[in-house]
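Undergrad: Give me coordinates for this.
(chains A, B, C and D)
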Amino acid sequence: MIDKTVPDLAAAVAGIPDGATVMIGGFGRAGQPVELIDALIAHGARDLTVVNNNAGNGDTGLAALLAAGQVRKMICSFPRQSDSWVFDRLYREGEVELELVPQGNLAERIRAAGAGIGGFFTPTGFGTQLAEGKETRRIDGRDYVLEYPIRADVALISARAADRWGNLVYRETARNFGPIMAAAATTTIVQVDEIVPLGRLDPEAVVTPGLYVNRVVAVGERPWVRDGAFVGGVDIEGRPLAEEGAQR
Amino acid sequence: MIDKTVPDLAAAVAGIPDGATVMIGGFGRAGQPVELIDALIAHGARDLTVVNNNAGNGDTGLAALLAAGQVRKMICSFPRQSDSWVFDRLYREGEVELELVPQGNLAERIRAAGAGIGGFFTPTGFGTQLAEGKETRRIDGRDYVLEYPIRADVALISARAADRWGNLVYRETARNFGPIMAAAATTTIVQVDEIVPLGRLDPEAVVTPGLYVNRVVAVGERPWVRDGAFVGGVDIEGRPLAEEGAQR
Amino acid sequence: MTTRISRAELAARVASDIPEGAVVNLGIGAPTLVADFLPEGLEIVLHTENGMLGMGPAPERGRVDPDLINAGKQPVTALAGAAYFHHADSFAMMRGGHLDVCVLGAFQVSAGGDLANWSTGEPGAIPAVGGAMDLAIGAKDVYVMTDLLTKGGDPKLVTSCTYPLTGVGCASRVYTDHGVFDVTASGFRVRELFGDNTHEEIEALLGLALIEKDA
Amino acid sequence: MTTRISRAELAARVASDIPEGAVVNLGIGAPTLVADFLPEGLEIVLHTENGMLGMGPAPERGRVDPDLINAGKQPVTALAGAAYFHHADSFAMMRGGHLDVCVLGAFQVSAGGDLANWSTGEPGAIPAVGGAMDLAIGAKDVYVMTDLLTKGGDPKLVTSCTYPLTGVGCASRVYTDHGVFDVTASGFRVRELFGDNTHEEIEALLGLALIEKDA
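TA: Residues are numbered from 1 along each chain as shown, chains lettered A, B, ... in the order given. So this is what the prediction gives:
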């Protein structure tokens, strides 16, 4: 029997070595695999290269991984945000390197890695600082930059549900980088709200087929979802509204 | 109100000019938009370049379009089949040109056209006749061939259902080239079993978002599907089994 | 004094040029305002590059869904007809020219349509580009929405950009607080001037020759 | 006379090397037979390049579904756990190295792992390649399944292919009716010989030096 589920978060991140390139899903907080990141902090792997759209928000998730000093380099498109103080400090102190990639090129480079494409000509970034030193070519009257795949040793992503083969479905815009990162990493580790019986996911609606997935761990539903349906009652950071009120 | 539905097949194919490059979905018979092809035959546009995985089966669909003398050139991966006699004859008589493309490169070239990629390095075909004269490059120890996008003026594809915005869902392996051809053509024309009210399609399960679609025409369910569910009772060509028996 | 319209009026002006059925991406910041002025009853399909078409307005309190956000990471809703997709598919839509309109902010736009809106090139600043370069080349029409002048009075419509570029020759039209300008092969052409603003006044403010409205 | 096993026995031999959990593409023709010999009760995920993982056996008469076919355009079924996807995604899986095993037929395989299986180069023949070139480079292991000799008695394991290539250095193992051979950096190494076949007999049939099984 194929069974990619693992019993807990520690088992999910076991074996991630120092120096690994780790893709981490999510756009801002949506789709960010916070529980897996916390497990990676506990696991302690260091000297990581992290690929994510951003460079952490607030003090949790990716920001906490950065704060723990485990990240040597960030590859991302949008590090500077109103709540990216952890990255900002480390960057200014020279504690973390940055490779800045336009968001669509980041996505396409990740996609290329998973799809076995050796390189591709993209119009994005042509004539800008972010294409300096890169090969360019005019094709059919349009100017392009040659970009190469971004591969990873490990992907940590978040999905709504999985079955034991590792088939995944996502939820709304939390899908974002999950499907392409799953295909671009040697070992893909997924946290899901729930693991459903094989055959429960509609084969027409599976977004990430199981062959891209190595380990799945269930972390329970988020406060704003019950039995797969949206119930609301939280703020944009997912905190129950009552609690938010209490904090004022 | 956005309404991409058209009342009939003649309206669906109206305006396709002589000399157009026309992508036609389907892998063999699965997903082949037979009714749209019949409409294109009636419409009469000539001197077409047709992009399809195959070059027609039997005497219907794409084979009938070839037999009608409307096709100048085929771009495909697998023209020669047990029932490709129409293409075989035209090719031997020099009546139709052939550009042979490995199936995965065909798919990726179509995808590149829709995705605004100017060219890409693929390992498929390296060192073979089908890469002769093409630019090659060794990247990270692997050999690649540079391939360019295949664009089209028109795509004719088939899907299971659409809404009036042109969002599409497919059925099983009839999905095949539909989603990538829809994105690679200037005008995408879709035949569907049924047009459903806006909001009926699950936004998580829409495969082709409506922005890729220009015209949708409903042609009714196939004999093996009732109310969207498989009911069987046909042979592989979709002929009711009783009828098949009667023909013996 | 020249006539200047407000940010909200400018958003309404941009919105009025977007036809029914258009697929539109509104950039972060001022362009997001345009959504509030799209004519009621017309169906315009909003794209957000983090993976959705058919984006609707912000939800009420209590209905905020942290999984359903726009590119500015604000909570949004989904309209009937919406679809979700992953990041590579989302940017393929833009790069492939399938969007009708992108509306973007700017530090500078050049007469050749070059856009600078991602970096002021300040030494020591942490660079961040996000989807700006993809959006700049990501639609049939790229509308820039900006003040004519910086707060310090410097022109934002220029002969050539001094800030780092976001895209080359990508802008098709510039909506400013003073008027609207089309980017043509021969430079900026006046499309509309607000209030009593005259061609000569705007040229003087910009220190730049503009093509006459009817030329 | 050397020992030859039947096509069905060969398919069973290939099947016995496929471990549980493997994702496998079985090429058109003889490789398709392998599916019939996969051990019952083990979960092996079959990929068909026309857009499906989790392919099941042929349906009964009356349950044939023209929308659900394999790459050979034969009717198949979907197992629990199946997923559908479009052609670009399907070939991305192969090209990206996500399949564990492809099993392919061959006209010739060279000692360097070159495969020729799509064209005999006959003048006047209508060429057709399909997914052959993608499959050839499309898995961690590419198993070739073929007779050792052509019907005319010519070796199909050769120093270098004379037929047009499908892929360069792509084959990892060759299953033949006489025995099984691994492709190594120094040429074919005997993995297994059927019946009483000897190393020397096979070398004589092939006119080719083979590396000893235990070397």
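Undergrad: and the residue of chain A found nearest chain C, what pLDDT?
TA: When you check chain A against chain C by CB to the nearest CB, the closest residue turns out to be residue A:104, at 3.2 Å. (Glycine included, C-beta is placed from N, CA and C.) According to the model's per-residue confidence, residue A:104 sits at a pLDDT of 98.
Undergrad: residues from chain A in reach of chain B?
TA: Counting by CB under 8 Å from any CB of the partner chain, chain A comes close to chain B at A:108, A:112, A:115-123, A:137, A:139-140, A:142, A:144, A:148, A:169-172, A:202, A:204-205, A:207.
Undergrad: re the thing from before, was I right about the residue of chain A closest to chain C contacting residue C:130?
TA: No: Residue A:104 is beyond contact range of residue C:130, at 9.8 Å (criterion: CB atoms under 8 Å).
Undergrad: Could you check which of the two is surrounded by more residues?
TA: When residue A:104 and residue C:130 are compared on other CB atoms under 10 Å in any protein chain shown, the one with more neighbours turns out to be residue A:104, at 31 against 26.
Undergrad: ok, which of the residues of chain A next to chain B also contact chain C?
TA: Restricting the residues of chain A next to chain B to those near chain C - CB under 8 Å from any CB - leaves A:108, A:122-123, A:170-172, A:207.
Undergrad: measure the most far-flung residue of chain C relative to its centre to chain D for me?
TA: Taking CA atoms, centre = their mean as the measure, the residue most remote from the mean C-alpha position of chain C is residue C:62, 30.9 Å away. When distance is defined by CB to the nearest CB, to the nearest Å, residue C:62 is 36 Å away from chain D.
Undergrad: In contact with that residue, which residues are there?
TA: Contacts of residue C:62 were listed using CB atoms under 8 Å, 6 or more residues apart in numbering or on different chains, and they are A:232-233, A:241.
Undergrad: give me that answer again for 6 Å
TA: For residue C:62, the contact set (CB atoms under 6 Å, 6 or more residues apart in numbering or on different chains) comprises A:232-233.
Undergrad: What confidence value was assigned to it?
TA: The pLDDT attached to residue C:62 in the predicted structure is 94.
Undergrad: Close to chain C: what parts of chain A are there?
TA: For chain A, the residues in contact with chain C (CB under 6 Å from any CB of the partner chain) are A:27-28, A:30, A:77-80, A:91, A:100, A:102-104, A:107-108, A:111, A:123-125, A:127-129, A:171-177, A:179-180, A:230, A:232-233, A:236, A:238.
Undergrad: Mind checking which of those are buried?
TA: For these, burial is judged from neighbour counts taken by 16 or more other CB atoms under 10 Å in any protein chain shown, and it is met by A:27-28, A:30, A:77-80, A:91, A:100, A:102-104, A:107-108, A:111, A:123-125, A:127-129, A:171-177, A:179-180, A:232-233, A:236, A:238.
Undergrad: for chain A, what spans make up the strands?
TA: Counting by DSSP state E, residue ranges of the strands within chain A are A:21-24, A:48-51, A:71-76, A:97-100, A:119-122, A:136-139, A:142-147, A:152-162, A:168-169, A:185-195, A:215-218, A:225-226, A:229-230.
Undergrad: and the end-to-end length of stretch C:146-156?
TA: 8 Å (CA to CA, to the nearest Å).
Undergrad: how about that stretch: buried residues?
TA: The neighbour-count criterion (16+ other CB under 10 Å) identifies C:146-149, C:155-156 as the buried residues of stretch C:146-156.
Undergrad: Find the nearest non-adjacent residue to residue A:216, please.
TA: Residue nearest to residue A:216 in three dimensions, not counting chain neighbours: residue A:162, with 4.5 Å by CB to CB, 6 or more residues apart in numbering or on different chains.
Undergrad: how close does the one you found sit to residue A:210?
TA: Between residue A:162 and residue A:210 the distance, using CB to CB, to the nearest Å, works out to 8 Å.
Undergrad: Check residue A:189 too.
TA: The gap separating residue A:189 from residue A:210 is 13 Å, by CB to CB.
Undergrad: Bridging across strands, which residues link to residue C:176?
TA: Beta-bridge partners of residue C:176, counted by DSSP bridges, are residue C:146.
Undergrad: Isn't it up against residue C:150?
TA: No: using CB atoms under 6 Å as the test, residue C:176 is too far from residue C:150 to be in contact (11.7 Å).
Undergrad: Overlap in contacts, the two.
TA: Common neighbours of residue C:176 and residue C:150 are not found (criterion: CB under 6 Å, 6+ apart).
Undergrad: so what's residue C:186 up against?
TA: Going by CB under 6 Å, 6+ apart, residue C:186 touches no other residue.
Undergrad: Residues of chain A that sit close to chain D?
TA: Within reach of chain D by CB under 6 Å from any CB, chain A has these residues: A:1-2, A:114-116, A:165, A:167, A:198-199, A:203-204, A:206, A:209, A:211.
Undergrad: Sort out which residues of stretch A:112-119 are buried, please.
TA: A:112-119.
Undergrad: wait, stretch A:9-29
TA: A:9, A:12-13, A:16, A:20-29.
Undergrad: Next, count neighbours for the closest residue to residue A:20 other than its chain neighbours.
TA: Sequence neighbours aside, residue A:153 is the residue nearest to residue A:20 in space, at 4.3 Å (criterion: CB to CB, 6+ apart). By the measure other CB under 10 Å, the count of residues near residue A:153 is 16.
Undergrad: for the buried residues of stretch A:112-119, which one is nearest residue D:138?
TA: Nearest to residue D:138, judged by CB to CB, of the buried residues of stretch A:112-119 is residue A:116 at 8.4 Å.
Undergrad: And the closest one, how far from residue A:155?
TA: 16 Å.
Undergrad: and if you look at residue C:65?
TA: Summarising the geometry, the distance separating residue C:65 from residue A:155, computed by CB to CB, is 24 Å.
Undergrad: For these two, work out which one has more neighbours and name it.
TA: Legend: neighbour count by other CB under 10 Å for residue C:65 and residue A:155, higher for residue A:155 (31 against 25).
Undergrad: quick one, helices of the chain?
TA: Defaulting to chain A. Defined through DSSP state H, the helices belonging to chain A, from first to last, are A:9-13, A:34-43, A:62-67, A:85-92, A:103-115, A:178-184, A:241-247.
Undergrad: could you do chain C instead?
TA: Ranges of helices in chain C, per DSSP H, are C:7-15, C:87-95, C:132-136, C:199-206.
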